[in-house]
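Student: take a look and give me a structure for this.
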Amino acid sequence: MQQIPHQEISARWVLTMCGELLENGVVEIHEGRITNVRPARPGEELLELGEVALIPGLVNTHTHLEFSTLVQPIEAPSFTDWIRQLVSYRSEHLATSEQRRAAIRQGIAESISSGVTTIGEIASDSQSSQAYASLPAPSVVMREVIGTAAADEQDRLAMVEQFHSTVPTDASWRPAISPHAPYTVRCSLLQQLVEFSTQHQLLSAMHLAESTDELQLLEHGDGPLRELLTELDAWHEDATDPGFGLSGYLDSLCQGPWSLVIHGNYLDPSHWQQLAEHRDRVSLVYCPRTHSHFGHPGYRLAERLAAGVRVVLGTDSRASSPDLDLLADVREAAQCHPQVSPDQILAMATREGAEALGLGDEVGQLTAGRCANMTVIAADFSTHKEVAAAICAPASRVVGVMVAGHWLRQLA
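Tutor: Residues are numbered from 1 along each chain as shown. Got it, this is the predicted structure:
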């Protein structure tokens, strides 16, 4: 698609996410970057989008695109049973790299159509990397690491090194690593992965405090997850240290240059304080519809934010969410947490998400120097006093998407 060198685009509302809301605002773009954001002047010729809001492109900080061909989320009586079914689905439907690449491409297309212009993706293998060529720029691909046996450690470190060293020079994404979860990554391997991320200044992401099954395994060394790991021949008594606990995993992640704590549903206020103390480098990822899918207790979002935690939004995958529509998760968060301002919830899906991925200098705000990644939202602005409230309301929808000055979904 040919890029228009210079564009001046106007909308009824321009929400910059850096403290400025412009009525009848204009975003000026030159060669894919924003050069100015200003009020419209009478009589000037502009590309007028009409009665819509122009906001920074949405940032989905957490997903697994390989499951994008699932028609509906996996239903299971427990979290561990859900994992068991997920493993079975992957072996039956995603056995080849061709199948995984096709699913990833489908997920990327769906994400962009839904207004997402930056994706934090968990990649379960390196053979599917070529599918990420269509990721919107900039994005982050986190190589998933699973290893519970001592004999696995050197192999997993070599795998991460190869992934990091073979990223195409023209890639639209940055590499990162994802030690999967406390029950799939031995403590000693996690510490070596954090050292690797520090050495190469990479983001790390880990599912942590996601379920009560996980807590039971960490605190008592037994329960449904131990049974599943035994079934998969992946249980090793020495993989976890009884004295390590959730705080040990959190301590390790706080040592890296940037880290994502994914879900954190069962972190307690002492953990929130630890996250708040490292908020410049460690963020908590909340996936509202996945949280609802599993029936977890209330997320206590307002309390976490009040404690100073940086909380950002993700969709997770289609294995636990109906789709990859981050705006739907924005609406879900607004509905479940009316005490949190719509502006704060939108920030979690834009500015804060970009900062969490280490991309705050590139995306997340409409301001001079940043990439021209923008999402156009239609909503019922007449019945809401605040523009952000209208965007977070049920009637909102994405009607246009721009990445680096290119319209990937243009208004009809």
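Student: only C-alpha atoms from now on, for both contacts and neighbour counts.
Tutor: OK.
Student: which residues in the stretch 101-250 of the chain form strands?
Tutor: In the stretch 101-250 of the chain, the segments counted as strands under DSSP state E, counting those that start in this stretch are 116-123, 139-145, 173-179, 203-208.
Student: now the nearest residue to Val37 once chain neighbours are set aside: which helix or strand?
Tutor: Computed as CA to CA, 6 or more residues apart in numbering, the closest residue to Val37 that is not its neighbour in sequence is Val27, at 4.6 Å. Take DSSP states H and E as the rule and Val27 turns out to sit in strand 21-30.
Student: right, and the helix or strand after that strand?
Tutor: Once the chain leaves strand 21-30, the next helix or strand it forms, by DSSP H and E, is strand 33-39.
Student: show me what that following strand is packed up against.
Tutor: strand 21-30 (3 or more CA pairs under 8 Å, 6 or more residues apart in numbering; DSSP states H and E).
Student: report the angle between the strand it packs on and strand 33-39.
Tutor: 150 degrees (axes from the mean of the first three to the mean of the last three CA atoms, to 10 degrees).
Student: now do strand 21-30: everything it contacts.
Tutor: 5-15, 34-40, 366, 372, 405 (CA atoms under 8 Å, 6 or more residues apart in numbering).
Student: related to what we said a few turns ago, Ala319: which of the strands of the stretch 101-250 of the chain is closest?
Tutor: Nearest to Ala319 among these is strand 116-123 (13.6 Å), distances taken as CA to CA.
Student: for the strands of the stretch 101-250 of the chain, which one sits closest to Gly358?
Tutor: Of the strands of the stretch 101-250 of the chain, nearest to Gly358 by CA to CA is strand 203-208, at 7.5 Å.
Student: can you tell me what sits against that closest one?
Tutor: 142, 175-182, 194, 197, 246, 253, 256-264, 357-358.
Student: could you pull out the helices for the stretch 301-412 of the chain?
Tutor: Ranges of helices in the stretch 301-412 of the chain, per DSSP state H, counting those that start in this stretch, are 301-306, 326-336, 342-348, 351-356, 387-391.
Student: please identify the deepest-packed of the ones you listed.
Tutor: Looking across the helices of the stretch 301-412 of the chain with neighbours counted as mean count of other CA atoms under 10 Å, the highest average goes to helix 351-356: a mean of 27.
Student: just checking, what packs against that helix?
Tutor: Applying 3+ CA pairs under 8 Å, 6+ apart, one finds that helix 351-356 contacts strand 58-63, strand 258-263, strand 311-313.
Student: now tabulate those strands in TSV and tack on mean pLDDT, distance to Ile122 and mean neighbour count.
Tutor: Below are the helices and strands packed on helix 351-356 laid out as TSV (pLDDT from 0 to 100; distance: least, CA to CA, whole Å; neighbours: other CA atoms under 10 Å):
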stretch	mean pLDDT	distance to Ile122	mean neighbour count
strand 58-63	98	6	29
strand 258-263	98	11	26
strand 311-313	98	15	29
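Student: got a markdown table for those strands, with distance to Arg100 too?
Tutor: Output for the helices and strands packed on helix 351-356, formatted as a markdown table (distance: least, CA to CA, whole Å):
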| stretch | distance to Arg100 |
| --- | --- |
| strand 58-63 | 14 |
| strand 258-263 | 23 |
| strand 311-313 | 24 |
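Student: how about these, which one is nearest Ser91?
Tutor: Taking CA to CA, strand 58-63 is the member of the helices and strands packed on helix 351-356 nearest to Ser91, at 19.2 Å.
Student: list the strands paired with that closest one, with their directions.
Tutor: Sheet pairing for strand 58-63, assigned by DSSP bridges, gives strand 116-123 (parallel).
Student: before we move on, back to that, need the strands of the stretch 101-250 of the chain in CSV (columns: mean pLDDT).
Tutor: Converted to CSV, the strands of the stretch 101-250 of the chain look like this (pLDDT from 0 to 100):
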stretch, mean pLDDT
strand 116-123, 98
strand 139-145, 98
strand 173-179, 98
strand 203-208, 98
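Student: pLDDT score for Pro242?
Tutor: If you check Pro242, the pLDDT there is 76.
Student: wait, isn't it in contact with Leu215?
Tutor: No - if you go by CA atoms under 8 Å, Pro242 and Leu215 don't touch, sitting 11.6 Å apart.
Student: neighbour count winner among these two?
Tutor: Legend: neighbour count by other CA atoms under 10 Å for Pro242 and Leu215, higher for Leu215 (22 against 12).
Student: residues in contact with that one?
Tutor: Leu215 neighbours (CA under 8 Å, 6+ apart): Ala209.
Student: with Glu219 instead?
Tutor: Glu219 neighbours (CA under 8 Å, 6+ apart): Pro242, Gly245.
Student: for Ala76, see how far away it is.
Tutor: Distance of Glu219 to Ala76, computed by CA to CA, to the nearest Å: 24 Å.
Student: give me the number of residues near the residue nearest to Val37?
Tutor: When neighbours are defined as other CA under 10 Å, Val27 has 26 of them.
Student: and it, what pLDDT?
Tutor: Val27 is assigned 98 on the pLDDT scale.
Student: next one: Gln3
Tutor: pLDDT for Gln3: 62.
Student: ok, the one 10 residues further on next?
Tutor: pLDDT recorded at Trp13 is 97.
Student: doesn't it belong to a strand?
Tutor: Yes - counting by DSSP: H, G, I helix; E, B strand; the rest coil, Trp13 is part of a strand.
Student: what's across from it in the sheet?
Tutor: For Trp13, the beta-bridge partners are Glu23, Ala53 (DSSP bridges).
Student: distance of it from Phe381?
Tutor: Relative to Phe381, Trp13 is positioned 10 Å away (CA to CA).
Student: which neighbours do these two have in common?
Tutor: Common neighbours of Trp13 and Phe381, using CA under 8 Å, 6+ apart, are Val387.
Student: ranking the strands of the stretch 101-250 of the chain by burial, who's on top?
Tutor: strand 116-123 comes out most buried of the strands of the stretch 101-250 of the chain by mean count of other CA under 10 Å, with a mean of 28.
Student: and for it, what's in contact with it?
Tutor: Contacts of strand 116-123 (CA under 8 Å, 6+ apart): 57-66, 111, 135-144, 178, 325-326, 357, 373-375, 401-403.
Student: that strand to strand 203-208, inter-axis angle?
Tutor: Going by the same axes, to 10 degrees, strand 116-123 makes 70 degrees with strand 203-208.
Student: got the angle for strand 116-123 vs helix 326-336?
Tutor: Counting by the same axes, to 10 degrees, strand 116-123 points 90 degrees away from the direction of helix 326-336.
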